[in-house]
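Give me the fold of what follows.
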Amino acid sequence: MKYVAGVLIIAFLVAGGVFGAFFLTSGNEIKDPEISRIVEDDYNLETNREQSNVKDSYESLLTQAEDRLAELKTEVKEDLEEESSYLDMYEKYEPAAKKLEEKTDEKFQDLHEQLQQAGEEEKASTLKAQYERQKEEWKKSIVKEMKERL
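Below is the predicted model of the structure:
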């Protein structure tokens, strides 16, 4: 009995390692050139450091991020029409979504720091809270759409 339990534990560890290695290594790259273009393109924001322009740059960042999300959603819908498996879809779009979030977070952080350096702590905190709420709304919207399609 101890032998069987030991073999089962080893089998689970090996299977878990193979499974984990597959998902950890395969999920980091974006293979589709159109999706890569959507995610990798730089945001086009004004680089002027005046506080009034930071708010405009913030609004522009949100608009551009929403446009990119809409493009990704269009790509997903096209793939769903081709009857791709959900695992394939996850492997294709999850890294793109992560990369897009990272790039958007980086740009937001630059804007946030500009406000802080200008002594606009309250304005920086307000924008950060708005940004975090917006990100949550985007995520909820995506989850809702996926639930509706299932």
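
Who are the packing partners of the helix or strand where Leu111 lies?
Assessed by DSSP states H and E, Leu111 sits inside helix 86-117. In this structure, helix 86-117 makes packing contacts with helix 33-40, helix 51-81, helix 121-149, judged by 3 or more CB pairs under 8 Å, 6 or more residues apart in numbering; DSSP states H and E. Glycine gets a C-beta too; all of them are placed from N, C-alpha and C.

quick check: domain ranges of this structure?
Per the record, the chain has its domains at 1-30, 31-149, by automatic domain parsing.

right, so these: which one is the most enclosed?
Ranked by mean neighbour count under mean count of other CB atoms under 10 Å, these are led by domain 31-149, which reaches a mean of 14.

so how far is that domain off the chain centroid?
Remark: domain 31-149 is offset 7 Å from the chain centroid, using CA atoms, centre = their mean, to the nearest Å.

cool, stretch 136-150 as well?
Distance, stretch centre to chain centre, for stretch 136-150: 14 Å (CA atoms, centre = their mean).

So which residues make contact with it?
Identification of contacts with stretch 136-150 by CB atoms under 8 Å, 6 or more residues apart in numbering yields Ala65, Glu66, Leu69, Lys73, Leu80, Ala97.

Now with 7 Å, please.
Leu69, Leu80 (CB atoms under 7 Å, 6 or more residues apart in numbering).

And for stretch 32-49?
For stretch 32-49, contacts defined as CB under 7 Å, 6+ apart pick out 30, 53, 56-57, 60-61, 64, 68, 71-72, 75, 92, 96, 99-100, 107, 114.

can you rerun that using 6 Å?
In this structure, residues lying in contact with stretch 32-49 by CB atoms under 6 Å, 6 or more residues apart in numbering are 30, 53, 57, 60-61, 64, 68, 71-72, 96, 99-100, 107, 114.

picking that back up, next, the angle helix 51-81 makes with the helix holding Leu111.
For helix 86-117 against helix 51-81, the angle by axes from the mean of the first three to the mean of the last three CA atoms, to 10 degrees is 180 degrees.

Understood, closing this out.
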